[in-house]
Each structure stands twice: as structure tokens, then as C-alpha cells.
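Engineer: got a sequence here, can you model it:
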Amino acid sequence: MVAEVRPNYESDWAAITAVAARLGIGTAETLRKWARRSTRAGGRG
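Structural biologist: Okay, here's the model as predicted:
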């Protein structure tokens with residue numbers, strides 16, 4: 001989801017923060033770690 005909305009934001013962090021808020025995730029840092037892990041595992045982030 002982060003990768004899908006990234007072009008709409010000035011930075012990765014802005015996209016992550018927006019997605020975290022939309023999904024109701026406690027902190028954007030948690031989502032950043034998940035997205036990073038997903039990217040390393042061959043996902044799209």
C-alpha cells in the first residue's frame with residue numbers, strides 16, 4: 001500500500017505516515033519496519 005501511494009507524497013516518510021493513519025496503525029515507525037521487511041522479502045512494500 002505504501003508503494004502504491006508513494007508517488008502522491010514528497011517523501012517515503014510522508015507516505016508511510018499517511019498510510020499508518022489511514023489504517024489506524026499505532027505508529028508510522030511500525031509500518032515503516034513492516035514495509036521495509038516486505039521489500040526485502042521480495043514484496044512491493
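Engineer: now the helices for this structure?
Structural biologist: For the chain, helices defined by DSSP state H occupy the ranges 2-5, 12-23, 28-40.
Engineer: remind me which residues of the protein are low pLDDT?
Structural biologist: Across the chain, residues meeting the criterion (pLDDT under 70) sit at 42-45.
Engineer: and with 80 instead?
Structural biologist: Within the chain, the stretches falling below the threshold (pLDDT under 80) are 39-45.
Engineer: circling back to that earlier point, save the helices of the chain as a markdown table, and put in mean neighbour count too.
Structural biologist: Every residue, glycine included, has its C-beta placed from N, CA and C. What follows is the helices of the chain, written out as a markdown table (neighbours: other CB atoms under 10 Å):
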| stretch | mean neighbour count |
| --- | --- |
| helix 2-5 | 16 |
| helix 12-23 | 17 |
| helix 28-40 | 15 |
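Engineer: quick one: terminal-to-terminal distance for stretch 18-30?
Structural biologist: Taking CA to CA, to the nearest Å, the first and last residues of stretch 18-30 lie 13 Å apart.
Engineer: no wait, stretch 18-34
Structural biologist: One end of stretch 18-34 to the other measures 15 Å (CA to CA).
Engineer: tell me how far the closest residue to Asn8 other than its chain neighbours lies from Thr27.
Structural biologist: Computed as CB to CB, 6 or more residues apart in numbering, the closest residue to Asn8 that is not its neighbour in sequence is Ala15, at 7.2 Å. Distance from Ala15 to Thr27, counting by CB to CB, to the nearest Å: 15 Å.
Engineer: circling back to that earlier point, for the residue nearest to Asn8, list the residues it contacts.
Structural biologist: When contacts are counted by CB atoms under 8 Å, 6 or more residues apart in numbering, Ala15 touches 2, 5-6, 8-9.
Engineer: which one of these is nearest to Arg32?
Structural biologist: Using CB to CB, the shortest approach to Arg32 within those belongs to Val2, at 8.4 Å.
Engineer: how about the contacts made by that closest one?
Structural biologist: Contacts were defined as CB under 8 Å, 6+ apart; by that measure Val2 touches 12, 15-16, 19, 31, 35, 45.
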